[in-house]
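**Student:** Next one to model:
(3 chains)
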Amino acid sequence: MPELPEVETVVRGMAQVLPGLKVTAVEGIAPMEAVGKQVQSVRRYGKFIILDFSDGMLFIHLGMTGQLMVSSDTSKFTRGRLLFEGATVRYDDIRKFGKMFWDTHYPKRGPDPLELTPEEFIALAKRRKTRIKALLLDQSALRGMGNIYTDEALFHAKIHPCASAAKLSRARLATLHQCTREILREAIAAGGSSISDYVDARGEKGGYQLRHQVYGKHGQPCPICGTVLQRMLVTQRGTTFCPRCQTR
DNA sequence: CTTAATGTTCCCCA
DNA sequence: TTGGGGAACATTAA
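**Tutor:** Below you'll find the predicted structure:
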């Protein structure tokens, strides 16, 4: 579930309740370093949720099926909890690909796509020979994009997932950058995409999945030209695209 | 029974 | 060093 828009949505929900609260206890995989300390702020770093404390940060990565919500209940998939005075945050994760850890420095990641200028994006792509989809998914190149928004952005920009990043014209890269920003912003405004597991900090689903144009829609007609949407594997990730609209 | 799933990391090879 | 391919991790749903 969790790509930049979903993580941003969770962060905004947590930011409404956690700042100022003190951690009284932790359970499961929640790091003990947080106990007795007060949350200063909640932020997003790529796909990480960060709870800031005076002497360190609690990083949470939702993996594929992680859910972080304000709830005093537990489920059979609850892997950790943060108990505060007056609130409880529960971390559920069916597939256990997610993580929670304490650190004093950031994991190495590329720039945030929403903070990047068109020129910076073009320069980034021009120095990489890889396929454009692989570049967008590479967190060390760009932090936050995942399989859903990569397919949606490439479709909107009419770029084939296997196009060489460096060989794309500056104009097409500028278009891709613009489409990426618009899609991410709209997805955040819609509360993210709920495909199977994603819910926000209150346990509510997002609404952007209703506006997906190609993700998970192989076999259906392209919403622009009617050609059957194709599916292929790129970097071992299912990729859906329009073979007519999207060119290299 | 088989396949695919919103992600990351590590290993091997060119 | 860069990049591609594949596997692994763990679980559910179709």
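**Student:** surely A:Arg231 meets A:Thr239?
**Tutor:** Yes: between A:Arg231 and A:Thr239 a contact is recorded at 6.8 Å, counting by CB atoms under 8 Å. Yep, even glycine has a C-beta here, placed from its N, CA and C like the rest.
**Student:** Between those two, which is the more surrounded one?
**Tutor:** When A:Arg231 and A:Thr239 are compared for neighbours, A:Thr239 comes out ahead with 24 against 13, by other CB atoms under 10 Å.
**Student:** Name the helix or strand for that one, please.
**Tutor:** Following DSSP states H and E, one finds A:Thr239 within strand A:237-241.
**Student:** same question, A:Ala134
**Tutor:** A:Ala134 belongs to helix A:132-137, assigned by DSSP H and E.
**Student:** check whether that helix contacts DNA strand C.
**Tutor:** Yes: judged by CB under 7 Å from any atom of the strand, helix A:132-137 comes into contact with DNA strand C at A:Ala134.
**Student:** Show me how far that helix is from its chain's centre.
**Tutor:** A distance of 14 Å separates the centroid of the chain from that of helix A:132-137, by CA atoms, centre = their mean, to the nearest Å.
**Student:** For chain A, just list every one of the helices.
**Tutor:** Secondary structure of chain A (DSSP state H): helices at A:4-17, A:118-126, A:132-137, A:147-156, A:170-189.
**Student:** a markdown table for these, including mean neighbour count?
**Tutor:** Below are the helices of chain A laid out as a markdown table (neighbours: other CB atoms under 10 Å):
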| stretch | mean neighbour count |
| --- | --- |
| helix A:4-17 | 23 |
| helix A:118-126 | 16 |
| helix A:132-137 | 23 |
| helix A:147-156 | 24 |
| helix A:170-189 | 18 |
